[in-house]
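Asks: Test case, fold it:
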Amino acid sequence: VAYRETISKEVEIEGKYIRQSGGRGQYGHCFLRLTPLGRGEGYKYINEIKGGAIPQEFIPSVEKGVVEAMEKGVLLGYPVTDVQVALYDGTYHDVDSSDMAFKIAGSIALQEGAKKAGLSLLEPIMKMETTVPDEFMGTVIGDLSSRRGKILGTEKRGNSTIVKANAPLAELSGYATTIRSLTQGRGFFYMEPSHYEEVPNSIVEQMKSKRV
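Replies: Numbering: from 1, shown residues only. Sure thing, here's the model as predicted:
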């Protein structure tokens, strides 16, 4: 299941990567503002650096670190989405600053910021139409509800009823077999991807405990 992670509130966060080990060190230092976007808006990166606080050549390095951290995920290892990242300040060192140092600083800032910004998990929701003989309608609706499905309505067609619902893809494993057994082989369904919704906390906790 293609889960995604997202944030729930705006935060400002500092990312710092400074290493001294004899000779040349490493120095990367940035400030990011993370802002939630609407569902399906993906990712936006904005450069708000003024007055050369970070040299132009290192701006893409910060973004590279941000994108890598987003792809790895923070909460449960799923990609982070629907976030705007603004790079608004930072500092640099004439000798020790490098692409690598700013990339690591960007990555650290994204990870720490996402934790502060109230992470939640998103799951794909399927739009479903299940056609069943009238006498099995109640049973089929009950089964869909037990799969965290939301019944959107029903429509009569001859001696059958079309049950329209949205349900999480994660709960639909083996649904084709279930429908056949619930309707004595006379029911069928159609589904297509619809949108993403937040996973209930209780289920996120179950997923976390399985990973341990």
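
Asks: Kindly point out the strands partnered with whichever strand in the chain runs longest and how each is oriented relative to it.
Replies: In the chain, with assignment by DSSP state E, the single longest strand is strand 119-133. Applying DSSP bridges, strand 119-133 is found paired with strand 4-7 (antiparallel), strand 160-168 (antiparallel), strand 188-198 (antiparallel).

Asks: who touches the helix or strand bottoming out on mean pLDDT in the chain?
Replies: Within the chain, confidence by mean pLDDT, DSSP states H and E is lowest for helix 201-211 among all helices and strands, at a mean of 89. By C-beta atoms under 8 Å, 6 or more residues apart in numbering, the surrounding residues in contact with helix 201-211 are 75, 76, 120, 121, 199. All C-beta spots, glycine's among them, are computed from the backbone N, C-alpha and C.

Asks: I'd like the distance between the first one and residue 195.
Replies: Using C-beta to C-beta, to the nearest Å, one gets 20 Å for the distance from residue 75 to residue 195.

Asks: Please enumerate the helices of the protein.
Replies: For the chain, the helices defined by DSSP state H occupy 59-72, 99-116, 137-146, 175-182, 201-211.

Asks: Compare these and give me the one nearest residue 5.
Replies: Taking C-beta to C-beta, helix 99-116 is the member of those nearest to residue 5, at 7.5 Å.

Asks: chain center to that closest one: distance?
Replies: The chain centre lies 18 Å from the centre of helix 99-116; the measure is C-alpha atoms, centre = their mean, to the nearest Å.

Asks: ok, back up a step: quick check: buried residues in the least confident helix or strand of the chain?
Replies: residue 204 (16 or more other C-beta atoms under 10 Å).

Asks: for it, the distance to its chain's centre please.
Replies: Per C-alpha atoms, centre = their mean, the centroid offset for helix 201-211 relative to its chain is 15 Å.

Asks: Tell me, domain by domain, which residues of the protein belong where.
Replies: If you go by automatic domain parsing, the domain ranges for the chain are 4-117, 122-206.

Asks: related to what we said a few turns ago, and which of the contacts of helix 201-211 is nearest to residue 148?
Replies: The shortest approach to residue 148 among the contacts of helix 201-211 belongs to residue 199, at 9.5 Å (C-beta to C-beta).

Asks: Quick check: that closest one touching residue 120?
Replies: Yes: if you go by C-beta atoms under 8 Å, residue 199 and residue 120 touch, sitting 7.3 Å apart.

Asks: Of the two, which one has the most company?
Replies: More neighbours surround residue 199 than the other of residue 199 and residue 120, with 21 against 17 (other C-beta atoms under 10 Å).

Asks: Excluding residues flanking it in the chain, which one is nearest the more buried one?
Replies: In space, and not counting its chain neighbours, residue 199 is closest to residue 121: 4.3 Å by C-beta to C-beta, 6 or more residues apart in numbering.
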